[in-house]
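Colleague: fold the following and give me the result.
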Amino acid sequence: MMNRYTVLIVHLLVMIFVAECLMVQRCMQRRHHTKANRHALTIPCGQCLQPETSSPLQTPISPLRLHATTDNTSLEEHLDDDKSAAILQDFFSMMRPITIIQAVGAFLVGRLVIILHSSKQSVFRDLPSIITASISIYLGYGFGMAVNDCADANVDSLHGEKAKSMTMRGRPPIPFGFTGWTLVNLSVMTGYSIRMQKLFLIKNLICGWLAVSPLIGATLLGGDGSLTEEVAAKLYRLAVIGFPLQVSREILKDIEDVDIDRVVGERTSKLIAYSLVAAVNAAMLCLAHYWTMFASTPPIYAVTVAIGVPMCIRAATLPLVKGQKLLKNSIYVLLAGMITSLLHQSR
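Modeller: Numbering: from 1, shown residues only. As a prediction, this is how the structure comes out:
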């Protein structure tokens, strides 16, 4: 059964990779062609402009990649020479290779919770499947990031343009529960890729749901008895704190990247985002469930909470750009504490 699932996942990843590489290639070819024409008469030969950027869609063409000339034929020849290498480099940059580590970290936390409560599983014995799943999540999330840059080219300021208009209890049985969860996710992702990525707050909620949905999917897939109620409850608790953290992160990123003033205003957006973060901090500090779940000696979780919570509070007092970066770093700190404490329990 697992082999069939593995083969299916590998085939799907290959198909997604090929399709999205073609999409990104077309996007980047148009970008290079447009920027080349715009800068052909304005960039002196030998001059390299290197402004602070957050995405390759915003990066100007350097003299190593573009020898400015008024001869359109010569210009096209230079672009064709290194077009493939430039597109590949931009593609991997658009994947946000550091940011998407969050998704792998969330998976590792949930996976370790399951392993620690199973007598038939161990970290070392399941290491190959853990590594395979982590790579799949990393690549899948990264491909989505790259395609999102292209899909949001008219909305995201990463492309140098502002938005023109924006609008703002029991588990189901197996296999129907997991199948329903899969269909819902596919529908949500399809809607997001078609139109919903332009709807502020709606798209942030979708991103938050997709970030924690693997935890919910794991409980549904294990609903045949392989997961105890205790483990399922822990996975749901992880989803409860992961959802608002991801939503707040997405909101803060959108305030920076998109013209939000026409929707709800920057001040209101920041209030929503940091209120969600405050709720997460309160839950992690006050609810005994989380302290019990990540209990270890030495108290690794307590140390990371003591570091991460002040970082979140400090982020709320900083300007937007610095604040959202500090908030992202605090998420890394909390994830590191969760994973380390669970690994310590598995010894």
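Colleague: show me what contacts Ile137?
Modeller: Ala103, Val104, Phe107, Pro214 (C-beta atoms under 8 Å, 6 or more residues apart in numbering). Just so you know, the C-beta spots here come from the backbone N, C-alpha and C atoms, and that holds for glycine as well.
Colleague: burial of the nearest residue to Ile202 once chain neighbours are set aside, as a residue count?
Modeller: What sits nearest to Ile202 in space, not counting adjacent residues and going by C-beta to C-beta, 6 or more residues apart in numbering, is Met196, at 5.8 Å. Neighbour count for Met196, taken as other C-beta atoms under 10 Å: 15.
Colleague: now do the contacts for Met196.
Modeller: Ile202, Lys203, Ile206.
Colleague: out of these, which is most surrounded?
Modeller: Lys203 (23 neighbours).
Colleague: against Ala316, how distant is that one?
Modeller: 23 Å (C-beta to C-beta, to the nearest Å).
Colleague: now Pro299
Modeller: If you go by C-beta to C-beta, the gap between Pro299 and Ala316 works out to 26 Å.
Colleague: what comes up buried for stretch 305-315?
Modeller: Buried residues in stretch 305-315, counted by 16 or more other C-beta atoms under 10 Å: Val305, Gly308, Val309, Met311, Cys312, Ala315.
Colleague: among those, name the ones in helices.
Modeller: Among the buried residues of stretch 305-315, the ones falling in helices (DSSP state H) are Val305, Gly308, Val309, Met311, Cys312, Ala315.
Colleague: the first one reaches Ala336, doesn't it?
Modeller: This points to Val305. No. Here Val305 does not reach Ala336: they are 11.5 Å apart, not a contact under C-beta atoms under 8 Å.
Colleague: what lies in contact with the helix or strand harbouring Ala279?
Modeller: Ala279 belongs to helix 266-286 when assigned by DSSP states H and E. Helix 266-286 is contacted by residues 201, 240-241, 244-245, 247-249, 251-252, 254-255, 260, 263-264, 290, 305, 309, 312-313, 315-316, 320, 323, 327, 334 when judged by C-beta under 8 Å, 6+ apart.
Colleague: also stretch 301-312?
Modeller: Counting by C-beta under 8 Å, 6+ apart, 277-278, 281, 284-285, 290-291, 294-295, 326-327, 329-331, 333-334, 336-338, 340-341 sit against stretch 301-312.
Colleague: which among those residues end up buried?
Modeller: Applying 16+ other C-beta under 10 Å to these flags 277-278, 281, 284, 290, 294, 326-327, 330-331, 333-334, 337-338, 340-341 as buried.
Colleague: residues touching Val109, list them.
Modeller: Leu238, Leu335, Met338, Ile339, Leu342 are the contacts of Val109 under C-beta under 8 Å, 6+ apart.
Colleague: from Val240, how far off is it?
Modeller: 13 Å.
Colleague: does Val123 sit in a helix or strand, and which one?
Modeller: Using DSSP H and E, no helix or strand contains Val123.
Colleague: which of the contacts of stretch 301-312 fall in helices?
Modeller: 277-278, 281, 284-285, 290-291, 326-327, 329-331, 333-334, 336-338, 340-341.
Colleague: which residue is the nearest non-sequential neighbour of Gly217?
Modeller: Trp181 (5.2 Å).
Colleague: got the contact list for the one you found?
Modeller: With C-beta under 8 Å, 6+ apart, Trp181 has these contacts: Ser213, Ile216, Gly217, Leu220.
Colleague: quick one, strands of the protein?
Modeller: Assigned by DSSP state E, the chain shows no strands.
Colleague: which residues of the stretch 101-250 of the chain score low on pLDDT?
Modeller: Residues of the stretch 101-250 of the chain that meet the criterion pLDDT under 70 lie in 119-121, 147-175, 222-227.
Colleague: try 50
Modeller: Within the stretch 101-250 of the chain, the segments meeting pLDDT under 50 span 154-174.
Colleague: the residue lying closest to Thr297 once chain neighbours are set aside - how many residues pack around it?
Modeller: The shortest distance from Thr297 to any non-neighbouring residue, by C-beta to C-beta, 6+ apart, is to His344 (7.8 Å). Neighbour count for His344, taken as other C-beta under 10 Å: 15.
Colleague: His344 contacts Phe294, doesn't it?
Modeller: No. Between His344 and Phe294 there is no contact under C-beta under 8 Å: 9.4 Å.
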